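Asker: could you work out the structure for the sequence below:
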Amino acid sequence: MTENNATPPRRIIYVHGYSLKPSESVLEEFTRHAIRSGIQRDYPEDIAAFDEADVGLAYYGDLTRPLLKDRGREYDEELDIGDRKNALIALQSVSRRKKFGFRQYDSLPGKSAKKEFLAGIIAPVMGLLGQTMRLLGRVAPVFAAYLQNEDGLGTRIRDRVRGEIIEAMESGATLMIVSHGMGSIVAYDVLWQLSRDPRFSDHATTKVDCFVSMGAPLSDNYIRKYLLGAKSAGIERYPGNIINWLNLSAEDDYLCHDGTVADDFREMMREHIVSRITDFRIYNQTVRYGKSNPHSSVGYLIHPRLSKIIRDWLCERPGLIQ
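Answerer: Below is the predicted model:
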């Protein structure tokens, strides 16, 4: 714990998404480097604040890899790492934050709104027909397995992520959780457990200062039915330990085709169990394997909006949600 009158240390935990991932050490270093590159680009005078922060990773890629291999998903880790680096290098060459707009995004190779359009049209229909999990199982098998806790996968992933968050809470650090894709669902579920599940009552009153979700399907009507707490009544449906919730959704990102969470979780604001929920629409400039990939974590992590959120949070600037 920190000494009296001392400024608590700042800690950032990143919760990754569902696709095949490189090793924990590689992904952790890559994540830190991507975030740092964005802050260095936009706020070089404040880069020391980031370097002094404790930036870590809640990793579960080793838990999901066997399932993906069983489903026939091949993985060339060396190639993946190389393509991630190439994508980051390309994004690092964008020297001004104003260049992350629509004009530049619209010129990316292979850019298409088809996946997002189909997600917006097909997902509700499949939901009405009770086929959401069948569709999700084909597109994102790990995500479907997590939501249904197939072979205990959901439990094991939550245990892993919860351990990292509890350790950060017990350290006395001021905590920010940054999450991507399915990782946002995992983080949300864990925060619900910590604030509502009697098994974790020792941590029920400990707050997360800032929860950042990126490319998150939390606004999807059918996915929300599988969230922990979804069947509870009143405020017990929601985590009670988030102060600020900031959500980033990229144009054409099929996994967050709705794009906004503030309207879907407005009861949290109405019942005063969160201080802010703010949505941001961005353009993800990532090119993976020669094609635009608006869901890619790389483009979210280096984006000027996330850079500003993290810099303002680290430096306690009043512009946290502007």
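
Asker: which of the residues in the strand of greatest length in the chain are buried?
Answerer: Using DSSP state E, we find that the single longest strand of the chain is strand 242-250. Neighbour-count burial for strand 242-250, counted by 16 or more other CB atoms under 10 Å, picks out 242, 244-250. Yep, even glycine has a C-beta here, placed from its N, CA and C like the rest.

Asker: which of those residues lies closest to residue 40?
Answerer: residue 248 (19.4 Å; CB to CB).

Asker: ignoring the adjacent residues along the chain, who's closest to that closest one?
Answerer: residue 214 (4.5 Å; CB to CB, 6 or more residues apart in numbering).

Asker: chain center to the strand or helix carrying residue 63, what's the gap?
Answerer: Using DSSP states H and E, residue 63 maps to helix 61-70. For helix 61-70, the gap between its own C-alpha mean and the chain's C-alpha mean amounts to 20 Å (CA atoms, centre = their mean, to the nearest Å).

Asker: that one packs against which elements?
Answerer: Secondary-structure packing of helix 61-70 (3 or more CB pairs under 8 Å, 6 or more residues apart in numbering; DSSP states H and E): helix 24-42, helix 141-147, helix 153-170.

Asker: mind saving the C-alpha coords of that helix as CSV?
Answerer: This file holds the C-alpha atoms of helix 61-70, laid out as CSV (Å, rounded to 0.1, in the frame of the first residue of the first chain):
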residue,chain,number,x,y,z
GLY,A,61,-4.1,-16.7,-25.1
ASP,A,62,-2.6,-20.0,-23.9
LEU,A,63,-6.1,-21.0,-22.7
THR,A,64,-7.8,-20.4,-26.1
ARG,A,65,-5.2,-21.7,-28.4
PRO,A,66,-6.1,-25.4,-28.0
LEU,A,67,-9.7,-24.7,-28.9
LEU,A,68,-8.8,-22.8,-32.0
LYS,A,69,-6.4,-25.5,-33.1
ASP,A,70,-9.2,-28.1,-32.6
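
Asker: what's next to it, contact-wise?
Answerer: 16, 18, 20-24, 27, 75, 141-142, 145, 150, 153, 156-157, 160 (CB atoms under 8 Å, 6 or more residues apart in numbering).

Asker: ok, back up a step: same for the longest strand of the chain, what does it pack against?
Answerer: strand 208-214, strand 276-282, helix 297-301, helix 304-314.

Asker: just to revisit the earlier point, so which of the helices and strands packed on helix 61-70 comes closest to residue 192?
Answerer: That would be helix 153-170 among those, by CB to CB, at 9.9 Å.
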